[in-house]
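**Student:** Show me how the following folds:
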Amino acid sequence: MKIPNHIKMGAHKINVSVSQGNIEGFGSYSDCYNLIKIESDVDYQESNTAQIFLREIIEAIKFKYALSIDQPNLIVLSEVLFQILVDNKLNFGKGFIFPESIKVGAHKIDVELVLPRNITGSGSYNNYYNLIRIEKDFDSQESNMAEVFLHEIIECVKLKYELSIDHPHLTVLSEILFQVFRDNKLNFGKCLV
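**Tutor:** Below you'll find the predicted structure:
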């Protein structure tokens, strides 16, 4: 995956710098400079750089939108979300195609598109049945359904890995992350591992 020189996040332009160097944690985000820095090296696998980029995108969202997600939870979320995007070749670009199931860690999670009368809300995740359900009606907008799917994936990660992320913060995170993926045509599903 080619790392872009900048991304659009909400109304902000976030510059992205990939360089060889000594950045603590291999990546950083500066809110005052709207800058994501990523350390890369000729010996790095493409997947390492892309995973650090995803982590720093989530870090930037956390700061821009004042989300309460502590560092250990953010790291686990970014690592597992990266695995999900890569293993399932998920691309949240326009015309999103829903898979019948996804792999989360070692678990197979089934995905069902259901009529509104068969679900409360626009989506749900059931940890006992390993099941994501997304509302689909004749007039459902593809972008709404795709964002709800991303939201339910994050809900799944939260439950499977016992992460501490309040639901309102998870909702903001999934909305902004979806916008970043879609507006910037970021396809982590193309990463080579």
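
**Student:** can we go C-alpha only for contacts and neighbour counts from here?
**Tutor:** OK.

**Student:** Quick check: phi and psi at Asp87.
**Tutor:** phi -60, psi -30 (degrees, to the nearest 10).

**Student:** Give the burial count for it, as a bare number.
**Tutor:** 19 (other C-alpha atoms under 10 Å).

**Student:** Also Gln141?
**Tutor:** There are 10 residues near Gln141, going by other C-alpha under 10 Å.

**Student:** With Ile119 instead?
**Tutor:** Residues contacting Ile119 under the criterion other C-alpha under 10 Å number 15.

**Student:** In contact with it, which residues are there?
**Tutor:** When contacts are counted by C-alpha atoms under 8 Å, 6 or more residues apart in numbering, Ile119 touches 133, 135.

**Student:** How about Asn88?
**Tutor:** Taking C-alpha under 8 Å, 6+ apart, one finds 102-103, 189 in contact with Asn88.

**Student:** Please report how far the closest residue to Phe96 other than its chain neighbours lies from Ser164.
**Tutor:** Excluding the flanking residues, the one nearest Phe96 by C-alpha to C-alpha, 6 or more residues apart in numbering is Ala146, at 6.5 Å. To Ser164, Ala146 is 24 Å away according to C-alpha to C-alpha, to the nearest Å.

**Student:** Which one's more surrounded, the two?
**Tutor:** Ala146 (21 against 15).

**Student:** surely that one meets Leu90?
**Tutor:** No. With contacts counted by C-alpha atoms under 8 Å, Ala146 stays clear of Leu90, the gap being 10.7 Å.

**Student:** Could you check the pLDDT of His167?
**Tutor:** With respect to pLDDT, His167 has a value of 95.

**Student:** quick one: the strands in the chain?
**Tutor:** Using DSSP state E, the strands of the chain run over 6-9, 12-19, 27-30, 35-39, 101-104, 107-114, 123-126, 131-135.

**Student:** and these as a markdown table, adding mean pLDDT?
**Tutor:** Listed next are the strands of the chain as a markdown table, based on pLDDT from 0 to 100:
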| stretch | mean pLDDT |
| --- | --- |
| strand 6-9 | 97 |
| strand 12-19 | 92 |
| strand 27-30 | 90 |
| strand 35-39 | 91 |
| strand 101-104 | 98 |
| strand 107-114 | 95 |
| strand 123-126 | 94 |
| strand 131-135 | 94 |
